[in-house]
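give me coordinates for this.
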Amino acid sequence: MPTDRIDIHLQPAGEGDIPAMAALWAEAFPEKPVQRRDRELREGLTFGDLSDCWVVEVDGRMAGALRTYRLTTHLWGHALPTMGLAGVAVAPDFRRRGIGRRMCIEALRIARERGDVLTALYPFRTSFYRDLGYVLAGDLHRYRFRPEELAMYPGWDRVVRAPKTGLTEARDIYARVAARSNGLLDRTERMWSFCDREGTYIYLHRDPRGRATGYIVVRGRGGPPERSRLRVLELVAEDREAYLGLLGWLSVQRDQWGRITYDALPGENFHRRLAHPRTASSSMSRGLWFHSAAILRGPMFRIVNLEALFALGEPDGEPPVDRPDDWVETLQVRDGQLPENQGRWQGGERVDPTLSPTINGVRSIGDVTALLLDGRLPGQPVPPDGWKPNLGLRDLRLLDEF
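So this is what the prediction gives:
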């Protein structure tokens, strides 16, 4: 069927759509069987529920579906309503007709109309979403190392297995750190369900007064020492002492685990903490150079409501960090999907919906989003008084994958 003959319109999913949605997502994303997807849709998803699901029907058949989660992202001291776009799937016999693209554009409209400022996703192909205004936002450096290559930092002996109330303490730590970080989400109880998986353990770092100031979530794969693996799922610390204590605890695990996998933020400079930063079992990558970490990239972000973003702060406020070299009073924005964002902006207000070829340069909505995430967007809301990034890390970190 030619593309121009297909009328694409997202409609809210109902209980009657569950079997078809479960079958579509099981086919598009085979990591979960159809029975599990059906059960999740009926009982509730990790990041939302059936009310977040949308479908497209063509001639009485489900041609596509997606989810628009209601999330809250912390960025430069502000909590921003965010649409988490997920599960974008088109039935195999409806592909290559522009359906997926038009579904996503409608989802952007849904996000804007319900009050979201940002949207975030994990892309199946970055070029597809870059054309829709999204920009890659975060980097992680994945290190695989032997525990003895990490120093036994002071405080490792104050790391203890979390008691039954440990998850509550970890959630409190996370909430405090999230408010002083870039990219972390407000978490619901269901979003902590990954801790319930068999073989997953939480350990808390306590300061000398007994207060929990950091936590680590790990999952192991046993076997002979040379083949055993310990995966760090999360390491969240409120201060340097807790951070070093948790790293020291990893070093102490050398008696049980042969290798540790840890995804570090670039700002952690984690390679400087390893006695030998070469990735286990890797060969020389270039002459006398050696491979030390793999770079992981993602998620992607996009601004959906520039006016609402600017309204969060003082119109004449300075950016939270140094101005970029090309900072100008007038910001010209091009947005091919949401025309409300397009035009010339001054002092946080759109003064003209048209673009001038003679005034300044024109930035795409993706470039504008990148400036926001980096804290360099002219006119973006300044952080609250006294706000400083946790551990001095300005990197964007989104622990949750939806």
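
any chance you could map the strands in the stretch 51-200 of the chain?
Ranges of strands within the stretch 51-200 of the chain are 53-58, 61-75, 78-90, 118-121, 135-136, 139-145, 159-161, 200-206, based on DSSP state E, counting those that start in this stretch.

residue 269 is nearest to which of those?
Within the strands of the stretch 51-200 of the chain, the stretch nearest residue 269 is strand 139-145; the backing value is 9.5 Å (C-beta to C-beta). Heads up, the C-betas are built off the backbone N, CA and C, glycines and all.

partners of the closest one in the sheet?
strand 259-264 (antiparallel), strand 294-297 (antiparallel) (DSSP bridges).

highest average neighbour count across the ones you listed?
strand 259-264 (a mean of 20; mean count of other C-beta atoms under 10 Å).

select, out of the strands of the stretch 51-200 of the chain, the one closest to residue 226.
Smallest distance to residue 226 across the strands of the stretch 51-200 of the chain (C-beta to C-beta): 13.2 Å, for strand 139-145.

of all the strands of the stretch 51-200 of the chain, which one comes closest to residue 311?
Here strand 78-90 is closest among the strands of the stretch 51-200 of the chain (C-beta to C-beta), at 11.2 Å.

what residues sit buried inside the closest one?
Across strand 78-90, burial judged by 16 or more other C-beta atoms under 10 Å covers 78, 80-90.

please apply the same query to stretch 29-42.
So stretch 29-42, judged by 16+ other C-beta under 10 Å, has buried residues 34, 37-38, 40-41.

can I get the CA coordinates of that stretch in CSV?
Extracted in CSV, the C-alpha atoms of stretch 29-42 (Å, rounded to 0.1, in the frame of the first residue of the first chain):
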residue,chain,number,x,y,z
PHE,A,29,11.9,-6.7,20.4
PRO,A,30,12.3,-10.5,20.9
GLU,A,31,14.1,-10.2,24.3
LYS,A,32,10.6,-10.7,25.9
PRO,A,33,8.1,-13.3,24.9
VAL,A,34,4.6,-12.4,24.0
GLN,A,35,3.2,-13.9,27.2
ARG,A,36,5.4,-11.7,29.4
ARG,A,37,4.5,-8.6,27.4
ASP,A,38,0.8,-9.4,27.6
ARG,A,39,1.1,-9.8,31.4
GLU,A,40,3.1,-6.5,31.8
LEU,A,41,0.5,-4.6,29.8
ARG,A,42,-2.3,-5.9,32.1
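
for that stretch, which outside residues touch it?
With contact meaning C-beta atoms under 8 Å, 6 or more residues apart in numbering, stretch 29-42 is reached by 15, 18-19, 21-23, 25-26, 46, 50, 53, 87, 89.

can you redo those residues as TSV with pLDDT, secondary structure and distance to residue 392?
Formatted as TSV, those follow (pLDDT from 0 to 100; DSSP: H, G, I helix; E, B strand; the rest coil; distance: C-beta to C-beta, whole Å):
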residue	pLDDT	secondary structure	distance to residue 392
15	97	helix	49
18	98	helix	46
19	98	helix	50
21	98	helix	44
22	98	helix	45
23	97	helix	48
25	98	helix	40
26	97	helix	44
46	97	coil	31
50	98	helix	42
53	98	strand	40
87	97	strand	36
89	97	strand	40
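
among the buried residues of strand 78-90, which one lies nearest to residue 210?
residue 78 (32.5 Å).

average pLDDT across stretch 64-83?
For stretch 64-83, the mean pLDDT works out to 98.

what does stretch 331-347 give?
In this model, stretch 331-347 has a mean pLDDT of 95.

cool, stretch 218-237 as well?
Per-residue pLDDT values over stretch 218-237 give a mean of 92.

quick check: residue 313 vs residue 394, distance?
18 Å (C-beta to C-beta, to the nearest Å).

just to revisit the earlier point, deepest of the strands of the stretch 51-200 of the chain, which one?
The highest mean neighbour count among those, using mean count of other C-beta under 10 Å, belongs to strand 118-121: a mean of 26.

neighbouring strands - and their directions - for it?
Paired with strand 118-121 in the same sheet, following DSSP bridges, are strand 78-90 (parallel), strand 300-303 (antiparallel).

remind me which residues of this structure are low pLDDT?
Low-confidence segments of the chain (pLDDT under 70): 1-6, 314-329, 360.

correct me, but residue 232 touches residue 257?
No: under the criterion of C-beta atoms under 8 Å, residue 232 is not in contact with residue 257, lying 10.9 Å apart.

out of the strands paired with strand 139-145, nearest to residue 114?
Among the strands paired with strand 139-145, the nearest to residue 114 by C-beta to C-beta is strand 294-297 (28.6 Å).

the protein: helices as residue ranges?
Residue ranges of the helices in the chain, as given by DSSP state H, are 18-28, 34-43, 99-113, 126-130, 166-178, 240-252, 306-310, 365-373.

pull out the buried positions in the longest one.
What it means is helix 99-113. For helix 99-113, by 16+ other C-beta under 10 Å, it's 99-108, 110-112.
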